[in-house]
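> I'd like to go over a predicted model; first the sequence, then the structure.
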Amino acid sequence: GNSVTQMEGPVTLSEEAFLTINCTYTATGYPSLFWYVQYPGEGLQLLLKATKADDKGSNKGFEATYRKETTSFHLEKGSVQVSDSAVYFCALSGGNTPLVFGKGTRLSVIA
Amino acid sequence: DAGVIQSPRHEVTEMGQEVTLRCKPISGHDYLFWYRQTMMRGLELLIYFNNNVPIDDSGMPEDRFSAKMPNASFSTLKIQPSEPRDSAVYFCASRKPSGGYGTDTQYFGPGTRLTVL
């Protein structure tokens, strides 16, 4: 079945550091891939998505590229801010079925 | 659009009491999902509906949990009787009808934080 594996947290970075959160997936067919973000006390929000191989999703300075050859969708940001502190979830879509989520990675950015 | 609406935002109750959580999906969405989030177990899918019909309830932990969707704009998740281990944040999410661009994105509500004493 479909599954998502993302790096364990927590991740602690200083402001302006480079961020990478790894995500790999197992899926049949050609799923869409997502990154959701959950800020403290809030629900999950869509951060970015990619629907086919080699697509790059981007939003708020975050980027992720759909790599079919390595079955990966790593999240990157060149310079993190304190306001980026949140939990980040990688997910994939199997069509008519619910999104399959990774376990989440908590990011803390310190000034 | 108002987004997915959940009520109440916080609920504190005593063990043994009945708890009802409510969700209003985004208008035009025909998929609705209920999730539970805890520190220990992370994000768990409890049940989901399509066109008001329950499709998969295999994630519902026990018979104490039940969910209904009487119409396209309202769903409830009920716990009776509640227990301390049910304490968690419960999220509702909705999605557009299948087919076409953007129809696989799920939109989440703000959640209901449930505390069972």
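Yep, that arrived.

> could you pull out the helices in chain A for me?
Shown for chain A, no helices are assigned by DSSP state H.

> and chain B, is the lowest-mean-pLDDT helix or strand in it touching that?
Lowest by mean pLDDT, DSSP states H and E among the helices and strands of chain A is strand A:100-101, with a mean of 92. Yes: part of strand A:100-101 sits near chain B under the criterion C-beta under 8 Å from any C-beta of the partner chain, namely residue A:101. In this view, the C-beta of every residue, glycine as well, is placed from N, C-alpha and C.

> what does chain A have sitting close to chain B?
By the rule C-beta under 8 Å from any C-beta, the part of chain A lying against chain B is A:32, A:34, A:36, A:42-46, A:49, A:51, A:89, A:93, A:95-96, A:98-99, A:101, A:103-104.

> just the buried ones among those residues, please.
A:32, A:34, A:36, A:43-44, A:46, A:49, A:51, A:89, A:93, A:98-99, A:101, A:103-104 (16 or more other C-beta atoms under 10 Å in any protein chain shown).

> and these, which of them are in strands?
Among these, the members falling in strands (DSSP state E) are A:34, A:36, A:44, A:46, A:49, A:89, A:101.

> wait, the first one touches residue A:93, no?
Yes: contact criterion C-beta atoms under 8 Å: residue A:34 and residue A:93 qualify, at 7.0 Å.

> in chain B, which residue is most central in space?
Central residue of chain B (C-alpha atoms, centre = their mean): residue B:34, 2.9 Å from the mean position.

> from what I can see that residue touches residue B:46, true?
Yes: when contacts are counted by C-beta under 8 Å, residue B:34 is listed as touching residue B:46 (4.4 Å).

> which neighbours do these two share?
Taking C-beta atoms under 8 Å, 6 or more residues apart in numbering or on different chains as the criterion, residue B:34 and residue B:46 both touch B:67, B:77.

> can you give me the strands in chain B?
Listed in chain order, the strands of chain B (DSSP E) span B:5-7, B:10-13, B:19-24, B:31-38, B:42-50, B:53-56, B:65-71, B:74-79, B:88-95, B:107-108, B:112-116.

> and residue A:81, how far from chain B?
The gap separating residue A:81 from chain B is 23 Å, by C-beta to the nearest C-beta, to the nearest Å.
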